[in-house]
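The following comprises the amino acid sequence and a computationally predicted model.
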Amino acid sequence: MDPLRVIEHGLRDALLMTYQVWWALVLGFAVSAVVQARVPRERVQAALSGSGPRPVALATALGAASSSCSYAAVAIARSLLAMGASAASALAFQLAATNLVVELGAVLWVLLGWQFTLAEYLGGIVMIVLIAVALRRVVPPELERRAREHALQAAGGHEHGGEGGWSAVAEHFRGDWRMLWREIALGMLLAGFAAQLGRGVFSALLVRHAPAPLPLLENVLVGPLVAVASFVCSVGNVPLAAVLWSGGISFAGVLAFLFADLVVLPILAIYRKYYGRGFATRITALMLGAMALSALIVDGIFSGLGLIPGGARPSHHDIFGSVRLDHTLVLDVLATLLFAALIGLTLRRGGASAHHCAARGPDGVAPAPR
């Protein structure tokens, strides 16, 4: 195909996918902003100091109430660890913040269906449980202590705060978009151009005729590798996940791909800077193992219950759709009005933000706020 036509079609499909999910993104970020503005942060650290079920469950709830920016989640987890939270609680927070948030589930539902949304949420909880149970065997207390000291010396990241009310909601909303718009745009572009490759390219990555369970095991390894190579995290992963599902990867493979947004290469570099090489290496290996195992567990549960989507995989038109007068257009118009209202509220305040998101450097780490 003519390269110019490939570029044209790739950009067109990226825009069409954005059109399909725009209302879900805005609604998800708005709900997340409301929750963030209402959740008190001042007394959180003292409640997360242990590694038992209660502090891990609280960290999970706070993460789910947070924004879905992977970089923000990692930065806040560092702050929690430095201020006395256990490693189990800190990791539970960042896993929940990237797998259990509203906007991620909304976009998954639109592009892939409710089964993937349910599987993402269930898999996120399974990952947190697996890591909380295995962490003490992988990370001895002395190594956790050194990692906490290292985290105290690391540069600060995203700062979250607010005085309450709609002004705070608007600031959180604006701050989340500032953190994530590049990730979302890159995800849409990757999906748009990946669709031009055809299904055969993705099929070539997959083992199809080997005896069970080798194809399934291979898929849960391929998914995270694609995620690492794509450099996309958070909600930006979902459009490419839809293309992978259309291209033939298994249900478990899609889940493993979605779970792997915390092990993309820039974030691995952040772990090393925040915690030191030893702790970073161990938690990375632990998360990779938990991601693959969680994908297999959820796949097994859904297979047993008959919940894995069957029949023909979604076509190009199913994923990218078209612009016409229907409920999507109406929802997008309403979402645009909500977006404009919340952003306008922050502009009327002179752009002063209670939800700071410092620009990331080339290594993916935000500089310390001044």
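Arrived safely.

only C-alpha atoms for contact and neighbour calcs from this point on.
Will do.

measure the residue nearest the centre of the chain to residue 307 for me?
Closest residue to the average C-alpha location of the chain: residue 234 at 2.5 Å, with CA atoms, centre = their mean. Using CA to CA, to the nearest Å, residue 234 is found at 24 Å from residue 307.

The residue nearest to the centre of the chain: what's it in contact with?
68-70, 98, 104, 183, 261 (CA atoms under 8 Å, 6 or more residues apart in numbering).

what's around residue 338, how many residues?
16 (other CA atoms under 10 Å).

The helix or strand harbouring residue 243 - what's its average pLDDT?
If you go by DSSP states H and E, residue 243 is part of helix 237-247. The average pLDDT within helix 237-247 is 83.

For that helix, enumerate the helices and strands it packs against.
helix 102-112, helix 165-194, helix 199-203, helix 251-259, helix 316-320 (3 or more CA pairs under 8 Å, 6 or more residues apart in numbering; DSSP states H and E).

go again using 6 Å as the cut-off
helix 165-194 (3 or more CA pairs under 6 Å, 6 or more residues apart in numbering; DSSP states H and E).

Tell me what angle the helix it packs on forms with helix 237-247.
30 degrees (axes from the mean of the first three to the mean of the last three CA atoms, to 10 degrees).

list the buried ones in helix 165-194?
By neighbour count on 16 or more other CA atoms under 10 Å, the buried set for helix 165-194 is 167-177, 179-180, 183-194.

ok, and the closest non-adjacent residue to residue 259?
Among residues not flanking residue 259 along the chain, residue 291 sits closest, at 5.9 Å (CA to CA, 6 or more residues apart in numbering).

so how far is the longest helix along the chain off the chain centroid?
Ranked by residue count and defined by DSSP state H, the top helix of the chain is helix 3-38. Taking CA atoms, centre = their mean, to the nearest Å, one finds helix 3-38 lying 14 Å from the centre of the chain it belongs to.

what's the burial count for residue 137?
Count around residue 137 with other CA under 10 Å applied: 10.

Quick check: next helix or strand after the helix or strand containing it?
If you go by DSSP H and E, residue 137 is part of helix 114-138. Using DSSP H and E, the next helix or strand after helix 114-138 towards the C-terminus is helix 141-153.

Now do that following helix: everything it contacts.
81-82, 274-275 (CA atoms under 6 Å, 6 or more residues apart in numbering).

Look up how far residue 57 lies from the residue nearest to the centre of the chain.
Counting by CA to CA, the gap from residue 234 to residue 57 is 21 Å.

Then residue 295?
Applying CA to CA to residue 295 and residue 57 gives a distance of 21 Å.

More neighbours: which of those two?
Per other CA under 10 Å, whichever of residue 295 and residue 57 has more neighbours is residue 295, with 31 against 19.

give the contact list for the more buried one.
So residue 295 contacts 252, 255-256 (CA under 6 Å, 6+ apart).

between these, which has the most around it?
Neighbour max across the contacts of residue 295 (other CA under 10 Å) = residue 256, 31 neighbours.

Just the ones in helices from the contacts of residue 234, please.
70, 98, 104, 183.

Tell me the buried residues in the longest helix of the chain?
Within helix 3-38, judged by 16+ other CA under 10 Å, the buried ones are 9-37.

likewise stretch 131-140?
Of the residues in stretch 131-140, those buried (16+ other CA under 10 Å) are 131-132, 135, 139.

just stretch 100-118 next, same as before
100-112, 114, 116-118.

Now do the end-to-end distance for it.
End to end - CA to CA - stretch 100-118 spans 10 Å.

What average pLDDT does it get?
91.

what does stretch 72-84 give?
79.

Dump that stretch to CSV, restricted to CA.
Output in CSV follows, covering the C-alpha atoms of stretch 72-84 (Å, rounded to 0.1, in the frame of the first residue of the first chain):
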residue,chain,number,x,y,z
ALA,A,72,1.5,9.2,39.2
ALA,A,73,0.7,5.9,40.8
VAL,A,74,4.4,4.9,41.0
ALA,A,75,5.3,8.3,42.4
ILE,A,76,2.6,8.2,45.1
ALA,A,77,3.6,4.7,46.0
ARG,A,78,7.1,5.9,46.5
SER,A,79,5.8,8.6,48.8
LEU,A,80,3.8,6.1,50.8
LEU,A,81,6.8,3.8,51.3
ALA,A,82,9.0,6.7,52.3
MET,A,83,6.5,7.9,54.8
GLY,A,84,6.1,4.5,56.5
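
List the contacts of residue 217.
Counting by CA under 6 Å, 6+ apart, residue 217 touches no other residue.

Look at it and report its pLDDT.
83.

Other residues contacting stretch 92-101?
Under CA under 6 Å, 6+ apart, the answer for stretch 92-101 is 59-60, 63-64, 66, 68, 73-74, 121, 124, 128, 234.

follow-up on the earlier one: now the contacts of residue 295 in a markdown table, with distance to residue 279?
Shown next, in a markdown table, are these (distance: CA to CA, whole Å):
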| residue | distance to residue 279 |
| --- | --- |
| 252 | 28 |
| 255 | 26 |
| 256 | 23 |
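
right, and residue 16 touches residue 323 too?
No. Under the criterion of CA atoms under 6 Å, residue 16 makes no contact with residue 323, lying 7.4 Å away.

ranges for the helices of the stretch 201-350 of the chain?
Along the stretch 201-350 of the chain, counting by DSSP state H, counting those that start in this stretch, helices occupy 214-230, 237-247, 251-259, 265-275, 277-305, 316-320, 327-348.

and these, which one's lowest on average pLDDT?
What stands lowest among the helices of the stretch 201-350 of the chain, in mean pLDDT terms, is helix 316-320, with a mean of 69.

what about residue 297, neighbour count?
As a burial measure, residue 297 scores 17 neighbours (other CA under 10 Å).

gap between it and residue 261?
19 Å.

swap in residue 31?
To residue 261, residue 31 is 22 Å away according to CA to CA.
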